[in-house]
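> A structural model of the following input is requested.
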Amino acid sequence: MHKAFTASADSPARLHLFRSGEWSEASAGLSDAIKAQAKAQGFKGSNGDMVIVASPDGEIADVLFGLGETSDALAVAALSGKLPAGDYKVERDGDMPMANIAAGWADGAYRFDRYLKDKANPPRLVIGDGGDAEALDREADAIALLRDLINTPAQDMGPAGIEAAIRILAEQFGADLSVITGDDLLKENYPMVHAVGRAAPEAPRFMELSWGNPDHPELALVGKGVAFDTGGLNLKPGAGMKLMKKDMGGSAHVIALAKLVMSSNLPVRLKLYVPAVENAIGRDAFRPSDILQTRKGLTVEIDNTDAEGRLILGDALARACESDPDLLVDFATLTGAARVALGPELAPFYTDDGDLADAINAGGAVSGDPVWRMPLWDPYKSMLKSSVADIQNSGGRFAGSITAAIFLKQFVDARRWVHLDVWGWRTPKYGRPEGAAACGLRAIWAMLRTRYA
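All right, here's what the predicted structure looks like:
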């Protein structure tokens, strides 16, 4: 079980969650000692208010926590992020679904301790057993994997590290895995994956995982696996390069999603496609003005070597479409323009399928994972026009997330496709640690469960 959860506990502390305006009436059933502590500390149920009440022997007996008027589904992260180790059980949920409580609890309790001598000892939430508890545990476990992958620096999470993570999943769930590495990418017709990664010390590679009954509808997942992005010859400044270990965040999202699909035994034929490269500077680095061949047969003029993620995705999307999937989903930490448009927490998604968009929005609403549909505005394809190739890889300053999505669209020939341009990171907020974060994953997972389960 996830290390922030437990099925049962002998004497867990009781958690009481309150929204703003509930305290006066809802506190009537609490003991005089608890109410006295709350009064002394000015507890009103406002966002983030917390009161810890000890038993006579000094153990934590009760915890009051204010949800305020927030619509933040992960608000409980501010609670688990502060509480000491021990077992806790929800006594009063404040009308917050248990799925959101558990997701928020796991979120706030997470610590990346791979390189720390002192390992994390998080507080544990009692979630019970049975199917619902198992589902909560699977989701928390997959998101923890996602965050560990992104938080790991490129020295230990290069293309080979990404392959190792996928190989572990394949072995765990009995999936088939094929890996194409180095110059074999040219033989197998993945020229853009090869071009972007060929200058790095670790060879570029393309991973394809297959799982499930071939008679079930095919679900194709594609993730951008740029283990580190210097920007290439269009070198990033130091500030822009600092977080580029997270540029494989798209691959982390689809690896986590694949784990959820397989561990839940979702009735689909799963195909996972991950191109993994490091965009490095070297004597063999691809250059601005180079013209690349592609698996799709289009030619691409390189306007900017720092727009590399869409190149490797182009080959991967073309490959994914060759088996005519029922649904194609890609995740990528693709553009800073997406953050300018929607900020760090709201995940933009692109699709031409209105029914699919509605289903993703519904998944975001039920999971509390905010997403926002953005337009695939076809007139902006003119920004990608090249005089010497079929298309160029950068559309300039304006509408950068949209033009990146339009670029990807040129390589897609699928019945249903959605692209998510995510950050995969967050700044510290409400008790949640800075670092890797799942963006849009729970919304997509909720949609997939509704669609296929």
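
> could you count how many residues lie near residue 69?
By other C-beta atoms under 10 Å, the residues close to residue 69 number 11. Where you see a C-beta, it was placed from the backbone N, CA and C, and this is true even at glycine.

> do I have it right that it meets residue 47?
Yes: contact criterion C-beta atoms under 8 Å: residue 69 and residue 47 qualify, at 7.2 Å.

> common neighbours of these two, please.
Shared contacts of residue 69 and residue 47 (C-beta atoms under 8 Å, 6 or more residues apart in numbering): residue 20.

> end to end, how far does stretch 287-299 reach?
Using C-alpha to C-alpha, to the nearest Å, the gap from the first to the last residue of stretch 287-299 comes to 15 Å.

> ok, and the closest non-adjacent residue to residue 406?
In space, and not counting its chain neighbours, residue 406 is closest to residue 381: 5.3 Å by C-beta to C-beta, 6 or more residues apart in numbering.

> any idea whether that neighbour is helix, strand or coil?
Secondary structure, DSSP: H, G, I helix; E, B strand; the rest coil: residue 381 is helix.

> tell me the pLDDT at it?
For residue 381, the model assigns a pLDDT of 98.

> numbering from 523 from now on, please.
All right, first residue 523 from here; so that's residue 903.

> from residue 914, how far off is it?
Here the criterion is C-beta to C-beta, to the nearest Å. By it, residue 903 lies 11 Å from residue 914.

> those two: which is more packed in?
residue 914 (23 against 17).

> who does that one bridge with?
residue 823 (DSSP bridges).

> how about it, what does it touch?
Applying C-beta under 8 Å, 6+ apart, we find residue 914 in contact with 822, 823, 824, 825, 906, 907, 908.

> return the residues in contact with the fourth one.
What it means is residue 825. 810, 908, 914, 915, 916.

> can you flag the buried ones in those?
914, 915, 916 (16 or more other C-beta atoms under 10 Å).

> which one of the residues you listed is nearest residue 788?
Closest to residue 788 out of the buried ones among the contacts of residue 825 is residue 915 (34.5 Å), distances taken as C-beta to C-beta.

> excluding sequence neighbours, find me the nearest residue to that closest one.
Residue 915 sits nearest to residue 829 (C-beta to C-beta, 6+ apart), 4.7 Å away.

> ok, how many other residues are close to that neighbour?
When counting by other C-beta under 10 Å, one arrives at 22 neighbours for residue 829.

> so what does it look like in phi/psi?
Here is the backbone geometry of residue 829 (degrees, to the nearest 10): phi -110, psi 60.

> still on that earlier bit, specify which member of the contacts of residue 825 is nearest to residue 529.
Nearest to residue 529 out of these is residue 915 (C-beta to C-beta; 50.3 Å).

> residue contacts, that closest one?
822, 823, 824, 825, 826, 829, 832, 833, 906, 929.

> so the fifth one sits against residue 756, correct?
Yes: taking contacts as C-beta under 8 Å, residue 826 lies within contact range of residue 756: 5.0 Å.

> which neighbours do those two have in common?
With C-beta under 8 Å, 6+ apart as the test, residue 826 and residue 756 both reach residue 810.

> scan the protein for its longest helix.
Ranked by residue count and defined by DSSP state H, the top helix of the chain is helix 653-673.

> give me the next element, helix or strand, following it.
Toward the C-terminus, helix 653-673 is succeeded by helix 681-695 as the next helix or strand (DSSP states H and E).

> now do that next one, average pLDDT.
When pLDDT is averaged over helix 681-695, the result is 98.

> mind giving me the packing neighbours of that helix?
Under the contact definition 3 or more C-beta pairs under 8 Å, 6 or more residues apart in numbering; DSSP states H and E, helix 681-695 sits against helix 653-673, strand 698-703, strand 727-733, strand 747-751, helix 771-785, strand 791-801.

> list the buried residues for the second one?
What that stands for is strand 698-703. Per 16+ other C-beta under 10 Å, strand 698-703 contains these buried residues: 699, 701, 702, 703.

> which phi and psi does residue 560 have?
The phi/psi pair for residue 560 (degrees, to the nearest 10) reads phi -60, psi -40.

> number of residues surrounding it?
Residue 560 has 22 neighbours, counted by other C-beta under 10 Å.

> how about it: what's its closest non-neighbour residue?
That would be residue 573: by C-beta to C-beta, 6+ apart, it lies 5.3 Å from residue 560.

> pretty sure the one you found is in a strand, no?
Yes: under three-state DSSP, residue 573 falls within a strand.

> contacts only, for it.
With contact set as C-beta under 8 Å, 6+ apart, residue 573 has these partners: 559, 560, 563, 565, 585, 586.
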